[in-house]
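1. no sequence on this one, just coordinates:
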DNA sequence: TTCCATCTTGACGTTAACGTAAGGCTGACT
DNA sequence: AGTCAGCCTTACGTTAACGTCAAGATGGAA
């Protein structure tokens, strides 16, 4: 037992993370190549810490919301530099705020899209309810919100 | 006056749409190539109707929320087939609902991301308020909403 | 008529984000 | 000792979404 196994979950192999997050070793190495991750090494093998794992969570979430790896890296670097000089922190703060604005814009896009899809669903259901109600029977439908709750408060 | 100019805004040249939506002619032709748009022609030239313009709005929004063109096309085709057979409509309905679920997942991702960024902002601002309050003066800050109860400090 | 801007259709180039195959190290079994 | 799984690096291939010429049609202004 070469290493601390009392808390075996404090370190992860590349395979473990890949299984957990449904991605491939190639992807993780690629992120490393691009400067988004920097796992420790045990010989040649990569050893991912909890911090690395947390970064990976951020990376994958960033990807899901449509950010490019370069943008995600920049955000992660801002996090890293949070304890730098005051001027650096001020710069970081500005960029964070810009990011937030952009994100909220995307959220509105998503709300629009959802509203439109729900609208289409509503029309389709109304149509089918008249013509072929039998086809509606096995649908796992939660009724689309009574229309009032589109996107009430902008956080 | 070759065409109806009493409502000049009912038809658009490729350039007009590009200016309005900040994209390039190449992009619009590309979308056409991929089956997302099908503008009319006047000779060789493309003439975009209001319906085409509406489709473009959907396309661009889809892009912003991270959908691939192929996915957007599928959604647009579902809209188109809404008036097809009942069975087709039922299929469309199912797919719409799946889309909605996926979209709501993305919305949660975005909410997470925003929350994290705001948390980082909060910490940075607190830090700067103590060390260099002068650097905070010119920031266009709306204070990040009081949130639920301050910020529960689990990373 | 000539010229220019704006449109068109190819066709090849580019970037991002990996996939995939080739060849090699290394520790654990058998 | 062999071999096998799992990791490594290197390097070329692939897909999406366009960008970027090149070469030609066209309609209006000088």
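-> That came through, no problem. Only a predicted model underlies this, so the values are computations on that prediction, with no experimental measurement involved.
2. Which parts of chain A are strands?
-> Using DSSP state E, the strands of chain A run over residues A:11-12, A:40-42, A:45-49.
3. Is the shortest one in proximity to DNA strand D?
-> It refers to strand A:11-12. No. Judged by CB under 7 Å from any atom of the strand, strand A:11-12 stays clear of DNA strand D, getting no closer than 9.4 Å. Where you see a C-beta, it was placed from the backbone N, CA and C, and this is true even at glycine.
4. From the centroid of chain A, which residue is nearest?
-> Centroid check for chain A by CA atoms, centre = their mean gives residue A:61 as the closest residue, at 1.2 Å.
5. Pull the contacting residues for the nearest residue to that residue once chain neighbours are set aside.
-> In this structure, residue A:61 finds its nearest non-sequential neighbour in residue B:109, 5.1 Å apart by CB to CB, 6 or more residues apart in numbering or on different chains. For residue B:109, the contacting residues are A:61, A:64, A:65, by CB atoms under 8 Å, 6 or more residues apart in numbering or on different chains.
6. Would you confirm that the second one contacts residue B:65?
-> When you say that, I think you mean residue A:64. No. Judged on CB atoms under 8 Å, residue A:64 makes no contact with residue B:65 at a distance of 10.2 Å.
7. More neighbours: these two, which one.
-> Legend: neighbour count by other CB atoms under 10 Å in any protein chain shown for residue A:64 and residue B:65, higher for residue B:65 (22 against 17).
8. doesn't residue A:110 make contact with the more buried one?
-> Yes. Counting by CB under 8 Å, residue B:65 touches residue A:110, with 5.2 Å between them.
9. Give the closest residue to the residue in chain A that chain B sits nearest to in space, chain neighbours not counted.
-> Proximity of chain A to chain B (CB to the nearest CB) peaks at residue A:66, 3.3 Å away. Closest residue to residue A:66 apart from its sequence neighbours, by CB to CB, 6+ apart: residue B:66 at 3.3 Å.
10. Look up how far residue A:59 lies from the one you found.
-> Using CB to CB, to the nearest Å, we find residue B:66 at a distance of 15 Å from residue A:59.
11. what about these two, which has more around it?
-> Neighbour comparison, residue B:66 and residue A:59: the larger count goes to residue A:59, with 24 against 18 (by other CB under 10 Å).
12. For the more buried one, which residues are in contact?
-> Residues near residue A:59 by CB under 8 Å, 6+ apart: A:31, A:36, A:37, A:69, A:72, A:76.
13. re the thing from before, give me the distance between the residue nearest to residue A:61 and residue A:66.
-> In this structure, residue B:109 and residue A:66 are 10 Å apart, going by CB to CB.
14. How is chain A partitioned into domains?
-> A:1-67, A:84-134 (automatic domain parsing).
15. quick one: the helices in chain A?
-> A:14-21, A:25-33, A:50-64, A:69-80, A:86-131 (DSSP state H).
16. Run the angle between the second one and helix A:14-21 for me.
-> Between the axis of helix A:25-33 and that of helix A:14-21 there is an angle of 100 degrees, by axes from the mean of the first three to the mean of the last three CA atoms, to 10 degrees.
17. Enumerate the residues of chain A near DNA strand C.
-> Checking chain A against DNA strand C by CB under 7 Å from any atom of the strand, the hits are A:24, A:26, A:27, A:30, A:31, A:34, A:43, A:44, A:63, A:68, A:69, A:70.
18. And the pLDDT at the second one?
-> I take that to be residue A:26. According to the prediction, residue A:26 has pLDDT 97.
19. ok, now the last one?
-> At residue A:70, the model reports a pLDDT of 96.
20. Please list all residues in contact with residue A:92.
-> Residue A:92 is in contact with A:78, A:81, A:82, A:84, B:124, counting by CB under 8 Å, 6+ apart.
21. quick one: which of those is nearest to residue A:131?
-> Of all the contacts of residue A:92, residue A:131 sits closest to residue A:78, with 54.8 Å by CB to CB.
22. Now do the closest one: how many residues are near it, please.
-> A count of nearby residues for residue A:78, using other CB under 10 Å, gives 22.
23. Find the residue closest to it in space, skipping its chain neighbours.
-> residue A:92 (4.5 Å).
24. So stretch A:28-40, near chain B or not?
-> No. Counting by CB under 8 Å from any CB of the partner chain, chain B has no neighbours in stretch A:28-40; the shortest distance is 15.3 Å.
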